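K.L.:
No sequence on hand, only this structure:
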């Protein structure tokens, strides 16, 4: 399971406090499909991810870690 998927699942369960059934309906998928995706037994597609994020009204980029480079490496 990806870090983004873990973070999305935690958001749904702890912060959004929405039932999986309601999230699934809003995402246009069955509750069974959503449960399998969140459990990691079904691969989440980008479309699935976007639909779920939209269903809980959250920016899809929220769950991705941003890599930051404070310096530029050069080779000479």
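P.N.:
Good, I have the coordinates. Predicted, not measured: the structure shown is a model, and the values here were computed from it.
K.L.:
Which phi and psi values does residue 19 adopt?
P.N.:
phi -70, psi 150 (degrees, to the nearest 10).
K.L.:
separation between it and residue 3?
P.N.:
Distance of residue 19 to residue 3, computed by Cβ to Cβ, to the nearest Å: 24 Å. Bear in mind the C-beta positions are built from the backbone N, C-alpha and C, glycine included.
K.L.:
what do you get for residue 20?
P.N.:
Residue 20 sits 20 Å away from residue 3 when distances are taken as Cβ to Cβ.
K.L.:
who has more neighbours, the two?
P.N.:
Between residue 20 and residue 3, counted using other Cβ atoms under 10 Å, residue 20 has the larger neighbour count: 16 against 10.
K.L.:
Against which helices or strands is the lowest-mean-pLDDT helix or strand in the chain packed?
P.N.:
Ranking every helix and strand in the chain by mean pLDDT, DSSP states H and E puts helix 3-10 at the bottom, with a mean of 83. Helices and strands touching helix 3-10, by 3 or more Cβ pairs under 8 Å, 6 or more residues apart in numbering; DSSP states H and E, are helix 31-39, helix 46-55.
K.L.:
I appreciate the help and will end here.
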